[in-house]
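**Q** just a sequence and a predicted model for now, questions to come.
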Amino acid sequence: MDKHILKFAPELHKNYLLFILNGKLPNMSSMETNRSVLMYFALAGLDILNEIDNISDERKKSIIEWIYSLQVVNEKELVSGFQGSTALNTKENEGQDSPYKWAHIANTYSCLTSLIILGDDLSRVNRQAIIKSMKTLQLPNGSFKGAKDGVEDDMRFVFCAACISHILDDWSGMDVDLMVDFILKSISYDGGIGQGPDLESHCGSTFCAVASLALSKNLHKLTKAQLHALRRWLLSRFDAGFNGRPNKPIDTCYSFWTGGALKILGAYQFIEDDKNNQFVLMTQDRYGGFSKWINSIPDPMHTYFGLAGLSLMNFEGVEQDVLRAECYAAST
């Protein structure tokens with residue numbers, strides 16, 4: 001194995017993320033309707049690299065204005081929030097309500113987080129409309145769906161709802177007790193947490209569940225037995241790198257999903273491996289970005305989560321520990 005592969009290349013990753021932010025990667029065209037998510041990965045990655053201050057004020061203002069152009073305020077249909085992009089805003093539906101112009105909870109989360117990273121004060125966010133519309137997305141079992149119609153519901157959107165509530169400092173858009181009940185019922189026999197009750201444990205859904213409990217100050221609702229089993233299951237996901245489920249290969253993004261859940265639960269220090277970062281570093285591309293596996297094509301999501309995973313490892317050259325105190329204060 002060439003030793004240079006293991007050398008961290010922040011400048012290359014910065015350039016890769018700037019290409020994404022400026023919409024210059026042609027293979028991202030299939031994600032056009034979710035440009036706000038790509039923007040979030042780029043901005044959050046640059047933030048971890050301490051590069052946000054190097055973006056000009058004019059460029060920041062331009063991005064902020066574009067984000068606000070995605071804001072949907074539709075209290076009649078209760079579909080307020082943020083769109084994924086302006087791609088489906090046409091001359092035919094200009095100035096009028098349209099299903100294609102409805103908000104999605106993941107895009108709302110991405111846009112709000114991006115605004116914060118850029119230093120915006122959220123003064124132009126219609127908080128009341130967002131909270132009102134989000135309330136309609138919670139199902140009777142406590143889960144959340146992503147949008148009003150035609151989408152699935154699972155733990156991902158529970159996490160988005162918890163983050164939005166935390167960012168806006170308003171939890172009136174959900175029944176918190178019902179959300180907590182849904183999470184507790186989604187704990188599997190092996191100690192991990194699935195996308196819903198009776199579904200396979202997965203580190204992505206486990207992080208979303210644990211973070212939602214922490215953000216809503218309900219982490220104490222886990223019993224000692226549940227907490228012990230959950231920590232043990234997560235620690236078992238480490239094998240020179242993190243995987244998301246038993247018998248699956250290690251994957252760059254789980255350095256954050258698995259590592260982040262362990263961090264919130266106060267168990268990250270039990271990974272006693274001084275080479276924890278080596279797998280993530282081996283997924284770097286020579287032109288910048290991180291990929292899912294070694295010798296694979298990099299993408300925005302794995303680039304951000306690779307950097308976030310290194311941050312959890314307190315790796316030199318990145319912002320230390322991307323999980324803010326608010327997210328795991330309840331675990332201490």
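**A** Arrived safely. Residues are numbered from 1 along each chain as shown.
**Q** so which strand or helix has the residue of the chain positioned farthest from its centre?
**A** Centroid-distance maximum for the chain: Glu92 at 33.4 Å, with C-alpha atoms, centre = their mean. Counting by DSSP states H and E, Glu92 is held by no secondary-structure element, helix or strand.
**Q** now the nearest residue to Arg127 once chain neighbours are set aside: how far from Ile105?
**A** Residue nearest to Arg127 in three dimensions, not counting chain neighbours: Leu168, with 5.0 Å by C-beta to C-beta, 6 or more residues apart in numbering. Every residue, glycine included, has its C-beta placed from N, CA and C. Plainly put, Leu168 is 13 Å away from Ile105 if you go by C-beta to C-beta, to the nearest Å.
**Q** those two - which one has more neighbours?
**A** When Leu168 and Ile105 are compared on other C-beta atoms under 10 Å, the one with more neighbours turns out to be Ile105, at 26 against 19.
**Q** tell me the contacts of that one?
**A** Going by C-beta atoms under 8 Å, 6 or more residues apart in numbering, Ile105 touches 81, 134, 137, 144-147, 157, 160-161, 164.
**Q** going along the chain, name the strands of the stretch 1-150 of the chain.
**A** According to DSSP state E, counting those that start in this stretch, the stretch 1-150 of the chain carries its strands in the segments 71-72, 81-82, 144-145.
**Q** touching the last one from outside, list them.
**A** Outside strand 144-145, the residues that touch it by C-beta under 8 Å, 6+ apart are 105, 134, 137-139, 151-153, 157-158, 160-161, 174, 179.
**Q** give the rounded mean pLDDT of that strand.
**A** For strand 144-145, the per-residue pLDDT values average out at 98.
**Q** can you list the strands that the helix or strand following that strand pairs with?
**A** Proceeding C-terminally, strand 144-145 gives way to strand 153-154 as the next helix or strand, assigned by DSSP H and E. Counting by DSSP bridges, the strands paired with strand 153-154 are strand 144-145 (antiparallel).
**Q** on that earlier part again, ok, the contacts of Ile105 vs Lys14, which is closest?
**A** Cys160 (27.3 Å; C-beta to C-beta).
**Q** can you give me the helices for the stretch 101-250 of the chain?
**A** Assignment of helices within the stretch 101-250 of the chain using DSSP state H, counting those that start in this stretch yields the ranges 105-117, 127-135, 155-167, 176-185, 203-215, 224-235.
**Q** among these, which is nearest Thr303?
**A** When the helices of the stretch 101-250 of the chain are compared for distance to Thr303 using C-beta to C-beta, the nearest one is helix 105-117, at 15.4 Å.
**Q** quick one, that closest one and helix 155-167 angle?
**A** Interaxial angle of helix 105-117 relative to helix 155-167 (axes from the mean of the first three to the mean of the last three C-alpha atoms, to 10 degrees): 40 degrees.
**Q** how near is Asp47 to Tyr109?
**A** Asp47 sits at a distance of 16 Å from Tyr109 (criterion: C-beta to C-beta).
**Q** any low-confidence regions in the stretch 201-332 of the chain?
**A** Residues of the stretch 201-332 of the chain meeting the criterion pLDDT under 70: 321-332.
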